[in-house]
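K.L.:
Curious how this folds, go ahead:
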Amino acid sequence: MKHMYLVPRLRPDRINAPGRSSAVARVAVAVILSMAGLAHSGQPDAVAQAKKAGKTGARLVGVAAICQPPGARAEDMEKWIDAAALNKPDIILLTEGCMHNTPRNATREEKDAKSEPLPEPGPITRLLSGKAKQHHCYIIGSYWRKNTQGPGRFNSAVLIDRAGDVVGYYDKKFPTIGEMEGGVLPGRGAVVFDTDFGRIGALICFDLNFDELLAEYKKKGAELLCFLSNYRGGVRVPAIAMRNQCFIASAVPDENGVIVDPLGRTLAESSHYGRIIFARINLDSQLIHIDFNVDRVRLMKEKYGPAVSVEVASPEAYYFISSLHPDKSIQDMIKEFEIETLDQYLDRSRSVRLQHLPKGE
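P.N.:
Numbers count the residues shown, from 1 in each chain. I've put the predicted structure just below:
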């Protein structure tokens with residue numbers, strides 16, 4: 001994917017503001033160092049928390065993923081988390097089934113009995129809580145959670161905050177057929193968490209295949225999706241990042257764990273020789289279409305200069321705009337210059353299409 005870092009010359013059919021010049025000079029724009037993200041429109045809780053934490057304009061978030069095999073021993077998990085923490089991440093991702101309280105060949109009844117009894121912490125939760133508090137970061141990992149209403153257990157993504165407290169958990173909505181036949185219960189649906197840097201959601205392995213779950217997360221405004229898995233996902237990961245206009249970070253065993261931005265670009269990728277990955281992303285960002293926005297983006301860039309980044313994805317005809325301003329969010333700038341987001345533009349196009357349908361068709 002090629003990315004052109006110039007604002008293209010305005011075409012007459014794309015003039016979008018009466019009284020503004022239709023001649024647009026080519027303006028060089030700043031490029032964030034591998035940072036991009038979904039804006040926080042419609043997500044007041046996440047934004048309020050981010051602002052309370054002092055992250056008003058640029059919301060730069062350090063994301064680490066530990067791409068080690070599932071079922072880790074406690075001493076290995078501690079060592080890996082300590083290594084991932086060297087980059088001072090805001091959040092660390094662990095794989096699906098990152099740790100177990102029973103051996104692999106345990107009976108179904110043993111696995112149910114030894115599953116973590118959340119909200120009361122079991123041994124896995126206590127270990128991860130201690131590490132989150134030690135390194136002052138969030139940790140999210142997948143392991144079995146006890147079903148308090150009867151037999152069976154959940155495959156749950158558990159989020160622990162910087163103080164070592166359990167924020168909540170997401171139960172895998174779509175376990176595989178084999179999992180369900182082995183006693184794993186399906187979850188109810190998407191769960192989002194408002195952290196001190198923004199709104200995140202979780203997907204576990206087979207979940208990645210179901211568009212209805214992804215649509216739930218987009219509707220709920222997830223800015224970062226944490227994909228905890230034992231399969232790698234392949235091209236679906238960047239495709240979903242573009243479709244949901246969000247960041248996705250994945251923790252998978254060994255190779256091809258990735259951190260991707262809303263343009264589907266890979267910011268970091270694990271390998272056999274490098275199983276801990278890290279990237280710093282900017283959640284105060286927005287994807288917009290070039291149509292009708294060229295003049296407005298130019299004026300925004302002229303006013304804010306290096307405090308706003310404008311990246312041009314030429315094949316997709318998208319702008320990716322991000323705030324680096326200490327006080328102005330990208331949504332503040334969008335409102336100031338009446339910039340139309342990608343979703344707003346597509347919705348308007350649908351509406352105009354209906355108005356132009358031929359009669360009787």
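
K.L.:
Show the backbone phi and psi for the residue nearest to the spatial centre of the chain.
P.N.:
With distances taken as CA atoms, centre = their mean, L224 lies nearest the centre of the chain, 1.6 Å away. For L224, the backbone dihedrals are phi -140, psi 120 (criterion: degrees, to the nearest 10).

K.L.:
Next: E302.
P.N.:
According to degrees, to the nearest 10, E302 has phi -60, psi -40.

K.L.:
and what of G264?
P.N.:
Note on G264: backbone dihedrals following degrees, to the nearest 10 are phi 80, psi 10.

K.L.:
wait, it sits on M242?
P.N.:
Yes: here G264 reaches M242: they are 4.6 Å apart, a contact under CB atoms under 8 Å. Where you see a C-beta, it was placed from the backbone N, CA and C, and this is true even at glycine.

K.L.:
check contacts around the residue nearest to the centre of the chain.
P.N.:
Shown in contact with L224 (CB atoms under 8 Å, 6 or more residues apart in numbering): 37, 61, 63, 91, 198-201, 246-249, 281, 283.

K.L.:
now do 10 Å
P.N.:
By CB atoms under 10 Å, 6 or more residues apart in numbering, L224 lies in contact with 37-38, 61, 63, 90-91, 93, 193, 195, 197-202, 246-249, 259, 281, 283.

K.L.:
can you check A65 too?
P.N.:
84, 89, 91-95, 140, 226-228, 249-252, 257-259, 268-270, 275-279.

K.L.:
can I assume it sits in a strand?
P.N.:
Yes: counting by DSSP: H, G, I helix; E, B strand; the rest coil, A65 is located in a strand.

K.L.:
give me the beta-bridge partners of it?
P.N.:
When bridges are called by DSSP bridges, A65 pairs up with L93, I277.

K.L.:
how close does it get to A249?
P.N.:
Distance of A65 to A249, given as CB to CB, to the nearest Å: 5 Å.

K.L.:
wait, V297 sits on I288?
P.N.:
Yes: here V297 reaches I288: they are 7.7 Å apart, a contact under CB atoms under 10 Å.

K.L.:
Find the helix or strand that the residue nearest to D165 when sequence neighbours are not counted is a member of.
P.N.:
Closest residue to D165 apart from its sequence neighbours, by CB to CB, 6 or more residues apart in numbering: S129 at 7.2 Å. If you go by DSSP states H and E, S129 is part of helix 123-135.

K.L.:
If you count neighbours, what's buried in that helix?
P.N.:
For helix 123-135, burial by neighbour count (16 or more other CB atoms under 10 Å) applies to I124, T125, L127, L128, S129, K131, A132, K133, H135.

K.L.:
try stretch 226-236
P.N.:
Residues of stretch 226-236 classed as buried by neighbour count (16+ other CB under 10 Å): C226, F227, L228, S229, N230, R232, G233.

K.L.:
Closest to P103 out of those?
P.N.:
Comparing those against P103 with CB to CB places N230 closest, at 17.4 Å.

K.L.:
quick one: secondary structure of that closest one?
P.N.:
Recorded secondary structure, N230: coil (three-state DSSP).

K.L.:
Run through the helices of the stretch 51-200 of the chain in chain order.
P.N.:
With DSSP state H, counting those that start in this stretch, the ranges of helices along the stretch 51-200 of the chain come out as 74-84, 108-114, 123-135, 177-181.

K.L.:
pLDDT score assigned to G360?
P.N.:
pLDDT recorded at G360 is 77.

K.L.:
burial count for it?
P.N.:
Applying other CB atoms under 10 Å, we find 4 residues neighbouring G360.

K.L.:
next one: H289
P.N.:
By the criterion of other CB under 10 Å, H289 has 18 neighbours.

K.L.:
Distance check, it against D343.
P.N.:
As judged by CB to CB, H289 and D343 stand 10 Å apart.

K.L.:
which stretches of the protein aren't confidently modelled?
P.N.:
Filtered on pLDDT under 70, the chain yields the residue ranges 1-58, 361.

K.L.:
Would you map out the domains in it?
P.N.:
12-37+285-355, 45-282 (automatic domain parsing).

K.L.:
Single out the most deeply packed of the ones you listed.
P.N.:
Burial of these is given as mean neighbour count (mean count of other CB atoms under 10 Å); domain 45-282 ranks first at a mean of 20.

K.L.:
Dig out what F320 forms beta bridges with.
P.N.:
With DSSP bridges as the rule, F320 is bridged to L287, E311.
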